[in-house]
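Engineer: got a sequence here, can you model it:
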Amino acid sequence: MHILLVEDEPKSGDYLRRGLAESGFVVDWVRTGVDGLHHAQTLDYQLVILDVMLPGMNGWEILRELRRTHDTPVLFLTARDEVEDRVKGLELGADDYLVKPFAFTELLARARTLLRRGPIREADVIEYGDVSVDVLRRKVSRAGQRIDLTAKEFALLHMLVRRPGEVLSRPQIASQVWDMNFDSDTNVVDVAVRRLRAKLDDDFDSKLVHTVWGMGYVFEARN
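Structural biologist: Modelled structure (predicted):
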């Protein structure tokens with residue numbers, strides 16, 4: 001089992017590296033956020049153990065970027081013990097969260113649990129009602145009718161169809177689809193939603209993309 005350890009504190013990093021190696025794991029240890037993201041994106045790991053406070057790029061940023069392309073299990077290991085921090089980590093896609101100081105036996109048990117579980121892989125084809133989204137071939141159809149989308153429109157629909165019934169804010173959409181901070185003066189999200197609706201909803205009686213005023217957008221079938 002190949003593990004990536006991203007920890008900038010030398011004593012903690014060396015202690016963890018040696019302990020995990022003695023427990024039978026192959027461990028790559030890096031000390032900066034930039035190196036951590038690069039390794040996680042380019043090499044094949046079964047688990048990433050990730051600190052939050054790192055030089056260059058913090059753990060939140062690493063996880064946010066990693067989840068765009070990889071479903072590698074991530075265990076946060078950090079001194080930040082506030083409930084808000086734990087919730088933030090889990091909402092960004094962390095699989096577990098262990099607060100320093102910790103017992104190595106607990107870390108080892110959690111790591112083994114995540115490794116047994118493995119990543120939960122998304123289906124190649126996502127279906128919702130009469131909508132079918134082929135993630136691998138990037139093809140969309142509704143009621144058997146092909147829907148041609150641009151790359152950004154596909155990314156927007158993919159985000160929505162994965163989270164039906166969940167209200168997604170404009171900042172959330174802008175961050176994940178355009179990799180940008182949302183500016184209230186820009187209408188890029190609203191324009192993209194209008195274009196998606198025109199292709200996905202206009203020719204059908206049942207509408208799927210709905211505006212939740214003052215909050216954002218939701219993908220769901222309504223009677």
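Engineer: use CA for all of it now, contacts and neighbours both
Structural biologist: Fine.
Engineer: domain map for this protein?
Structural biologist: Per the record, the chain has its domains at 2-117, 125-219, by automatic domain parsing.
Engineer: deepest of these, which one?
Structural biologist: domain 2-117 (a mean of 17; mean count of other Cα atoms under 10 Å).
Engineer: end-to-end on it?
Structural biologist: Start and end residues of domain 2-117 are separated by 15 Å (Cα to Cα, to the nearest Å).
Engineer: before we move on, what about stretch 49-66?
Structural biologist: Note: stretch 49-66 ends 13 Å apart using Cα to Cα.
Engineer: give me the residues contacting that stretch.
Structural biologist: 3-8, 31-34, 36-37, 40-41, 74-78, 80, 89, 92-94 (Cα atoms under 8 Å, 6 or more residues apart in numbering).
Engineer: so where do the helices sit in this protein?
Structural biologist: 10-22, 33-42, 59-66, 83-92, 104-117, 151-161, 170-177, 188-200 (DSSP state H).
Engineer: and the contacts of the fifth one?
Structural biologist: The set of residues external to helix 104-117 that reach it, using Cα under 8 Å, 6+ apart, is 16, 19, 20, 46, 47, 73, 75, 95, 96, 98.
Engineer: how far off centre is it?
Structural biologist: 21 Å (Cα atoms, centre = their mean, to the nearest Å).
Engineer: quick one: it to helix 10-22, angle?
Structural biologist: If you take axes from the mean of the first three to the mean of the last three Cα atoms, to 10 degrees, helix 104-117 sits at 60 degrees to helix 10-22.
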